[in-house]
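S.K.: Okay, sequence plus prediction incoming.
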Amino acid sequence: MKDMIKPILIHPDPRLKKLCAPVTDLSDELRKLADDMLETMYDAPGIGLAAPQVGVLNRLIVMDCIKEGTPEPTVMFNPEVLSSSDDENVYEEGCLSIPEQFADVTRPASVRVGWIDMDGNPREKDFDGLWATCVQHEIDHLNGKLFIDYLKPMKRQMMTRKSQKMKRERARG
Ligand code: NI
C-alpha cells in the first residue's frame, strides 16, 4: 500500500551519521514502523533498510535477500553481531541512501547475529553470503556508518558529491 511508503533520506544527512538508541519498549508504533519499512524497502526496491534511513534513530532494521522465490521479510530490533568469521567476502554494495552508486566492500563472510523479533522474542542465527553482507551493512547504519566509509577518501568524496547532486535534483522535483 502506497500510504505505507516512507521517504528515504539521501546522503549526506546528519541523521545518517548518528548512533541509534536501543529499543526498550516494543510498542505497536514500532511494529507498524517495521511493517512500513518493509513496504518501503520492497517498493524501492532494495534488500535492506535501517530505521535512520527513514529518519527514526532507533535500532531497527529490515531485510529480505531472496531475489526469486518465497520472500523472507526479516525484522530485527537491537540487532548485534555476536561473532564474525575470519574468512572474508567481497560484494559490490549499494545503499538506498546513496542512489545508483556501487562499490566493492570487504567484510567477514559469515556472522552470528542476535536480535529481538516482532513478537519480542530473542533470536540468534548464522548468516552467510549476501545475507551476511546485508545484515552487517544495515547494522552499520545504526552506528552512523555507511558503506562508503570503507572506501578510500577520494572515492568516498566523489560518491558523496554525486549523492549530494542527486539529492538536490530530487528536491527540485
Ligand atoms: Ni544502506
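M.R.: That came through fine.

S.K.: give me phi/psi at the nearest residue to E39 once chain neighbours are set aside?
M.R.: Among residues not flanking E39 along the chain, M4 sits closest, at 4.1 Å (C-beta to C-beta, 6 or more residues apart in numbering). Any C-beta I mention is one placed from the backbone N, CA and C, and that applies to glycine too. When quoted as degrees, to the nearest 10, the phi and psi of M4 stand at phi -90, psi -10.

S.K.: ok, now the one 3 residues further on?
M.R.: Backbone torsions of P7, given as degrees, to the nearest 10, read phi -70, psi 140.

S.K.: so who does it touch?
M.R.: Contacts for P7 (C-beta atoms under 8 Å, 6 or more residues apart in numbering) come out as 54-55.

S.K.: now do the one 5 residues further on
M.R.: Contacts for P12 were tallied using C-beta under 8 Å, 6+ apart; they are 160, 163-164, 167.

S.K.: which ones among these are found in helices?
M.R.: If you go by DSSP state H, the contacts of P12 have 160, 163-164, 167 in helices.

S.K.: Just the buried ones from these?
M.R.: 160, 163, 167 (16 or more other C-beta atoms under 10 Å).

S.K.: which one of those residues sits closest to C134?
M.R.: S163 (20.0 Å; C-beta to C-beta).

S.K.: Redo the buried ones among the ones in helices among the contacts of P12 as TSV? Include pLDDT and distance to E39.
M.R.: Formatted as TSV, these follow (pLDDT from 0 to 100; distance: C-beta to C-beta, whole Å):
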residue	pLDDT	distance to E39
T160	98	28
S163	97	24
K167	94	23
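
S.K.: If we only consider the residues you listed, which is nearest to P79?
M.R.: Ranked by distance to P79 (C-beta to C-beta), these are led by S163 at 25.1 Å.

S.K.: My understanding was that the closest one contacts I98; is that so?
M.R.: Yes: the criterion here is C-beta atoms under 8 Å, and S163 meets it with I98 at 5.0 Å.

S.K.: Can you check which residues contact both of those two?
M.R.: Here S163 and I98 share the contacting residues 10-11, scored by C-beta under 8 Å, 6+ apart.

S.K.: out of everything not next to it in sequence, what's closest to K162?
M.R.: Closest residue to K162 apart from its sequence neighbours, by C-beta to C-beta, 6+ apart: Q101 at 6.1 Å.
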